[in-house]
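[1] Kindly return the folded structure for what I paste below:
(one chain, ligands or ions: 1)
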Amino acid sequence: MGRRRKKREQPKRIVRKIPKIFMCPHCNKQTLRISVSSKPSDEYAVAEAFCGECGFCARFKVPKLYQPVDAYGKLVDLYDSFTGNIEEEIRNKRCIGDLNGSKEEISENEGK
Ligand SMILES: [Zn+2]
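    Model prediction:
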């Protein structure tokens, strides 16, 4: 009779932090959720911001140490420097940022 084996810890592939709520730079409501997630294999983390009010969405790379509040600072910069038509992006359910794409898929292309 052997002792029960310890449960093996399953390696988590994606570390997801609890989203935090911030003020949306687009509609100025306190409805912007930002989450930062990273995979051990990547050198950077991915920040995703989504506003439940106006549908504004952004996805961009951040250093792994970034907290949502840090990512928010970068998001505001991104928003300010965005030169396209933000309304159109929202209507097309597209996210701004260097990992832009649809809200549904996380782009894993090397991009730049
Ligand atoms: Zn908004």
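[2] okay, how far is it across stretch 75-89, tip to tip?
    By C-alpha to C-alpha, to the nearest Å, the extent of stretch 75-89 from end to end equals 15 Å.
[3] Other residues contacting it?
    25-26, 34, 47, 49, 56-58, 60, 95-97 (C-beta atoms under 8 Å, 6 or more residues apart in numbering). Using the backbone N, CA and C atoms, a C-beta is placed for each residue, glycine as well.
[4] just those now: which is nearest Val69?
    Distance ranking of those against Val69, using C-beta to C-beta, places Ile34 first at 8.1 Å.
[5] That closest one touches Ala71, doesn't it?
    Yes. Using C-beta atoms under 8 Å, Ile34 is in contact with Ala71, at 5.4 Å.
[6] so which of the contacts of stretch 75-89 are also by the ion?
    Among the contacts of stretch 75-89, the residues lying close to the ion (C-beta under 5 Å from the ion) are 26, 56.
[7] Lovely, talk soon.
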